[in-house]
Structure formats: C-alpha cells, structure tokens
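Asks: what shape does this take:
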Amino acid sequence: MIRLYVLILFFLFSCSPDYSEINFIETNFDNRTLKIIDIIGGSDEDIVNKVIPTKDGGFMIIGNSKSVDGHFEMKKRLGNDIFVTKFSSSAEIQWTNFYGGSDDDIGNDIVESVDGSFYLIGYSKSKDGDASINKGQHDNWLLKIDSSGNLLWEKSYGFAGHDHAYNIIATNDGGLFFNGFLDITASNGQGKALRHGVGEFWCHKIDQKGNVIWRNYFGGSNNDRSYDAIETADGGYILLGTSESNDFDISKNNGSYDIWVVKISRFGDLEWEKSYGATGIDKGIAIIKNIENSYTILGNTNSQLINGVSSKGMNDYLIIKLDSEGNTISKIRYGGSDFDFAKDIIQTNYGSYFIIGYSKNPNNLYDVSLNKNAVFLTQTQKNGILEKSWNLKGSGDDLGVSLCQIANGSIILVGTTESNDGDFERFNSNGTDIFIAILNE
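Replies: Reported below is the predicted structural model:
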C-alpha cells in the first residue's frame, strides 16, 4: 500500500500556470479514465519537458529531439534541437517547429504572451543556425515565436561555463522573468568566485524584447541549482531548487542536498531564504501559489527521516505548504517500498490537485507490476489526502513529466516512453518517444 504521512492536514493551493485568461468548464473526475491519445517521435531520443494550456483552448509542448524521421522528419540537423508542437482543443497536432544549431539545444519551458506569441526558454551550446551567440558551454537561451511557430528573435545569456535555464514567467508588469543556474567559476569575473562555488541560483528580469533589467545569483560554496519560480503579490519572486551549501546565502543545511527556497524583491535583492530536508538528498521540483497568500512546494527525498516521518523506500515525494515568510505550515510524504519520483503538480478548476511522476513500486496504489518505471498520476483533496491514482505502463522505461488542465476541463499529461506494449502497445514506440495522454470521461 502507498504510505501517506500527514503532519498537519490543511492544504489549499493553486495552479502554477497562469490560467487567468482561460475559461474552464467545470469538471468532475470521479468516473474518468486515463488513456494515451498519441505518441510522437522518431528513431532517436525525443524528450518532452513541459506542457501548457493555450488561450485558444488547446495546448502546447516543448522539449528537445535528436530524431530526423517519424514525426520529426522535418528536422534537418542531427543532435538535439528544441521542438515545439501545438495541439488544438481536440488534441490534434496543428504544427511542429524546430529551433537550434549544430550543437546541443535544450527546450525546458514556454509561456504565452498577451499578443498570442510565445517565449521559449532553455539552454544552448550552438552559435550557428538559429543561435547567434554562444559564450562558452551552455548558455541560457530565450526565443520568441509567433502563434504559428515562426522564430521572431532569440537571445543568449551566459558565460564560459554551463549556464542552464529551466523556467520562465510572464510578469504582471508586462516583462519576463527566467531562472536556472550559473556556473560561477566560469563567469569571467561576473560573479564573486571566491565567495561562491560550483553552481548558483541565477535569475534574470527582462523586458519584452529580451533586454536585461537586472540579474542576480544566490548560493554558497557548493552546488546550488534552481528549477522553478513564481511571482509574488508584492512583485517579487520565490525561487525553488536544491542546495548542497551551508555558507554565504544559505543559513542552514540539514545534510547532503536540501530543498532551498529563496525570496527576492522586485529588484532582485535577497529578502529571506529557507532550507528543508534531512540527511539525504532532498530536491525542490515545483512551487505554486495558494489563494491565501501561502505557497506549496513539490519535492523529492531519499532521506530516511524528515520531521519524525520515516521512509522505507528508496525515494518518496513531498508536498510542503509554507506561509508568506517560508515557515512550514504542513508537510505530507507519499511513496511506497521502492522508488517514487514526482515531476509536476497542478490544482484544477474545482479544487483537487494532481501530481505526475514515475514509480518502480510493485505493490502500491499505482498498481505498477512491471520491472521498470511506470507513469503515475495521483489526485488529492484540498487537504492533501490521497483520493485516487492512475498509471500508464509497459515493459520499458515510462516517465511522467508534466501536466496541465485545458479549457474544456480535461487534464493533459505528457512524458517519455520506451515501451511498445502494455498501455503503449498500439502506438509502436521506437527508441525514446513522447506520449500525450488525457484524463477525461
């Protein structure tokens, strides 16, 4: 059976994408089924990293592909290019486009602008093709495309090392904010390398043309990486990730890697920071804002004991609720006897919460009976109590990555699969492909 540890049962949190301009149909998932509606890809490795709802009622996915055949036969370059695929409200493919150069290009997140265009964020080693500048290894790479996927402009942000970007926000003042990490030891003097270490939380506030308004970094003498962020009511930001440090900007470290939360002002100044974890590896994956001005974190842990809650499995996932100052209100730990890893969380229009990830547990609520990872989707009540669970599985490695709710009320799930049997049988997957699934009646 799945283990559910509750410290304080009080949860009320909201969805991470900005759904303010999408009118949702009221839905109830009690009798709904999870099914695969498409698998896309070619004969090489194809990875999806994010799905978002679009204002026209459809949805869009972003990732990176090495394939030059199958669904990606229009891709001309070998190696990883960023791809974006746009789907209609009925989940039909409207277009796919590719962006990159002759080197490694990774697409991690996408956000829709008020004018119907889109901003893509990721990182790139290319300095040809669609990429005009590269200053070293990977640079943060920002692209703007129109509603049909045509590239309007692109800009790189980085130095001589590996600088990665994972998340982008359309801010309330009409600008943009993106975050990831900075290889500060290779920053050509831009960072205080003697004061900080291998990697730092790194963020940029930019205007709609990509011009930098300000940027800043935060961390200590070891490895610190941010993966998600949200804008706060005061115009500032909260960054979420993981930290190995116990000095400089980090006031406390509980063990190996901790979940690290950093609150900054609208001008990028550090206001407060908090660490959450124990003696193992604890990683912050996603953060969402609650309607009562608190926050909820999705994380993963292999720590054996956190706040008196023990684990018998290799890895569990956590939901942590924080107040506006980062103090813990409640914490719930989910998992089985083996490996569970969560990747994304949303709140639906009627109040339930959905978490996507993957699991190796053979005897739990996910009903995963095969040897490799299977996709799981869990639904919780507002208080965090587990309500229902679904899975997708084959004999290969199947990973749930991202999810969103579209305007008709359906939940769209995306991830990767190496299976061509089980739930993936009729789609004849080759190599590592991308699945699109739907939870509906």
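
Asks: low-confidence ranges, the protein, go.
Replies: 1-30, 184-198, 291, 304-313, 361-371, 428-429, 441 (pLDDT under 70).

Asks: what bridges to P53?
Replies: F59 (DSSP bridges).

Asks: could you pull up the residues touching the closest residue in space to Y99 that isn't next to it in sequence?
Replies: Leaving out its chain neighbours, the residue that sits closest to Y99 by C-beta to C-beta, 6 or more residues apart in numbering is I82, at 4.5 Å. No exception for glycine: its C-beta is placed from N, CA and C like everyone else's. By C-beta atoms under 8 Å, 6 or more residues apart in numbering, the contact set of I82 is 62-64, 98-100, 105-107, 120, 122, 143.

Asks: I'd guess I82 is in a helix, am I close?
Replies: No: I82: not assigned to a helix; according to DSSP: H, G, I helix; E, B strand; the rest coil it is strand.

Asks: related to what we said a few turns ago, out of the contacts of I82, which sit inside strands?
Replies: Among the contacts of I82, the ones falling in strands (DSSP state E) are 62-64, 98-99, 105-107, 120, 122, 143.

Asks: quick one: which of these is most hemmed in?
Replies: Counting neighbours by other C-beta atoms under 10 Å, G122 leads the ones in strands among the contacts of I82 with 31 neighbours.

Asks: check contacts around that residue.
Replies: 49, 62, 64, 82, 105-109, 140-141, 165.

Asks: now do H204
Replies: 140, 157, 177-179, 212, 214-215.

Asks: N315 and N302 touch, don't they?
Replies: Yes: applying C-beta atoms under 8 Å as the test, N315 and N302 come out as touching, 4.8 Å apart.

Asks: the residue nearest to Y99 pairs with what?
Replies: Counting by DSSP bridges, the residues bridging with I82 are N64, Y99.

Asks: do R215 as well
Replies: Beta-bridge partners, per DSSP bridges, of R215: H204.

Asks: equivalent analysis for T417, please.
Replies: Beta-bridge partners, per DSSP bridges, of T417: D398, D433.

Asks: what about H71, which SS state?
Replies: helix.

Asks: tell me which of the contacts of G122 is nearest to S147?
Replies: Checking the contacts of G122 against S147 by C-beta to C-beta gives I62 as the nearest, at 14.9 Å.

Asks: please name the residues that touch the closest one.
Replies: By C-beta under 8 Å, 6+ apart, the neighbours of I62 are 48-50, 82-84, 107-110, 120, 122.

Asks: same thing but 6 Å
Replies: 50, 84, 107, 110 (C-beta atoms under 6 Å, 6 or more residues apart in numbering).

Asks: which one (most neighbours) among those?
Replies: Ranking those using other C-beta under 10 Å puts G107 first, with 29 neighbours.

Asks: my read: it touches N64, true?
Replies: Yes: because the distance of 5.4 Å satisfies C-beta atoms under 6 Å, G107 is recorded as touching N64.

Asks: please identify the nearest residue in space to S243, excluding sequence neighbours.
Replies: Spatial nearest neighbour of S243, excluding adjacent residues (C-beta to C-beta, 6+ apart): W260 at 3.8 Å.

Asks: in the sheet, who's paired with that neighbour?
Replies: Assessed by DSSP bridges, W260 has beta-bridge partners G241, S275.
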